[in-house]
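>>> next input, structure requested:
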Amino acid sequence: MESKVVEYYTNTFNEHFRHLDAFGKIQQLRTLQLLQKHLLGKQKIIDIGGATGIYSFELAKLGHEVDLFDIAPIHIKKAKKISAETGVDLHGFHIGDAQHLAFSDNSFDAVILHGPLYHITDESLRLRVLKEAYRVMKPEGILFAFAINRYAGVFYGIQRELILNDPYFEMISNEVKTGFRERSPSWHFHLPQEMEAEVSKSGFRDIQMKGVVGPIWMLPDIESRLGDEQTRQKILRVSELLENEPIIGQDFVCIARKTNVSTP
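This is a model prediction of the structure:
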């Protein structure tokens, strides 16, 4: 599984450019909005599955101490290049598997999990990732665990008129029933209650589920509308309005706390 993820992000999909389309732009702005709302004061953060560091660098600019961690060497190589070109430094750049973190217990104030939980289809392995996040987090630390919504493919298929295509409908039907997308690498799409249960099993408490983008990305001519600052703020306002209904968007984040010192 790990090798397939690395191969995908090395040879098939350019993660660095994912935030250039309308959905990606809104996702980036909303994610930063949610992170900043909960990361008060200077925090020691590890951004796991952080790819080329799009959030790591923004958080570093705000004064946080950030370590970037990703499974794909190409991402870390690109992040180091960005750091050198922009002069924005991170505390550390790390290549590795989120199931095995080479950090001491109680090392970080905050853990961000962006990719691991939707590329691991085995629940026991997702729990291993979450428990590792719990282990390296300081007491009262905060978790941001991002997921792709179980119905993301349905929404996308409707917006792009793919849902009337029989092969696409069959693929989406399986996703809705199982949460599993059969392609390389494999994907797991969560229901909000499923993610909440996994985070709870891993020892976290004070759990909140928040939608990130919501359905606003389907607004006609969204790309050009984002070019106007006033309209862009209105678009973000819609996403924020609907954040307590994570089931109606493409993605959501589970925000939770490590409220005791014992590892589950």
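>>> center of the chain, which residue is that?
Residue closest to the average C-alpha location in the chain (C-alpha atoms, centre = their mean): His114, at 2.9 Å.
>>> right, and it touches Ala51 too?
Yes - counting by C-beta atoms under 8 Å, Ala51 is a contact partner of His114 at 7.3 Å. All C-beta spots, glycine's among them, are computed from the backbone N, C-alpha and C.
>>> which one is the residue nearest to the centre of the chain nearest to, not counting chain neighbours?
Excluding its sequence neighbours, the residue lying closest to His114 (C-beta to C-beta, 6 or more residues apart in numbering) is Gly49, at 4.1 Å.
>>> again, but for Phe180
Excluding the flanking residues, the one nearest Phe180 by C-beta to C-beta, 6+ apart is Thr121, at 5.7 Å.
>>> please enumerate the strands of the protein.
Using DSSP state E, the strands of the chain run over residues 44-48, 65-70, 92-95, 108-113, 137-148, 180-181, 187-188, 205-211, 251-257.
>>> so which of those strands is nearest Lys81?
strand 92-95 (10.7 Å; C-beta to C-beta).
>>> quick one: low-confidence parts of the stretch 1-150 of the chain?
1-6, 8-20 (pLDDT under 70).
>>> may I have the beta-bridge partners of Arg205?
Counting by DSSP bridges, Arg205 is bridged to Arg257.
>>> which residues does it contact?
256-260 (C-beta atoms under 8 Å, 6 or more residues apart in numbering).
>>> ok, now how distant is it from Lys80?
Using C-beta to C-beta, to the nearest Å, we find Arg205 at a distance of 36 Å from Lys80.
>>> for stretch 25-38, the distance to its chain's centre please.
Its chain's average C-alpha position is 11 Å from that of stretch 25-38, according to C-alpha atoms, centre = their mean, to the nearest Å.
>>> again, but for stretch 104-124
10 Å.
>>> what of stretch 175-193?
Distance, stretch centre to chain centre, for stretch 175-193: 15 Å (C-alpha atoms, centre = their mean).
>>> what of stretch 99-117?
13 Å.
>>> ends of that stretch, what's the gap?
End-to-end distance for stretch 99-117: 10 Å, by C-alpha to C-alpha, to the nearest Å.
>>> would you mind listing the buried residues in that stretch?
99, 101, 103, 107-117 (16 or more other C-beta atoms under 10 Å).
>>> same list, those, but as TSV with distance to Asp89 please.
TSV is the format used below for the buried residues of stretch 99-117 (distance: C-beta to C-beta, whole Å):
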residue	distance to Asp89
Gln99	28
Leu101	21
Phe103	19
Ser107	19
Phe108	18
Asp109	19
Ala110	18
Val111	20
Ile112	18
Leu113	23
His114	21
Gly115	23
Pro116	25
Leu117	28
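>>> pick out whichever of these sits closest to Ile142.
Each of these was scored against Ile142 by C-beta to C-beta, and Ala110 proved nearest at 4.9 Å.
>>> quick one, helices of the stretch 1-150 of the chain?
Applying DSSP state H, counting those that start in this stretch to the stretch 1-150 of the chain gives helices spanning 2-7, 22-38, 54-61, 73-86, 116-119, 123-136.
>>> and Val154, which of those is closest to it?
When the helices of the stretch 1-150 of the chain are compared by C-beta to C-beta, helix 22-38 sits nearest Val154, at 15.3 Å.
>>> angle of that closest one against strand 251-257?
Here the directions of helix 22-38 and strand 251-257 differ by 10 degrees (axes from the mean of the first three to the mean of the last three C-alpha atoms, to 10 degrees).
>>> what is helix 22-38 packed up against?
helix 54-61, strand 137-148, helix 222-225, helix 229-241, strand 251-257 (3 or more C-beta pairs under 8 Å, 6 or more residues apart in numbering; DSSP states H and E).
>>> for the first one, buried residues please.
This means helix 54-61. 54-60.
>>> repeat for the fourth one
Of the residues in helix 229-241, 235-236, 238-240 count as buried by neighbour count, 16+ other C-beta under 10 Å.
>>> now those residues in JSON lines, with pLDDT and distance to Asp70?
Converted to JSON lines, the buried residues of helix 229-241 look like this (pLDDT from 0 to 100; distance: C-beta to C-beta, whole Å):
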{"residue": "Ile235", "pLDDT": "96", "distance to Asp70": "29"}
{"residue": "Leu236", "pLDDT": "96", "distance to Asp70": "27"}
{"residue": "Val238", "pLDDT": "97", "distance to Asp70": "31"}
{"residue": "Ser239", "pLDDT": "97", "distance to Asp70": "26"}
{"residue": "Glu240", "pLDDT": "97", "distance to Asp70": "28"}
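>>> much appreciated, bye for now.
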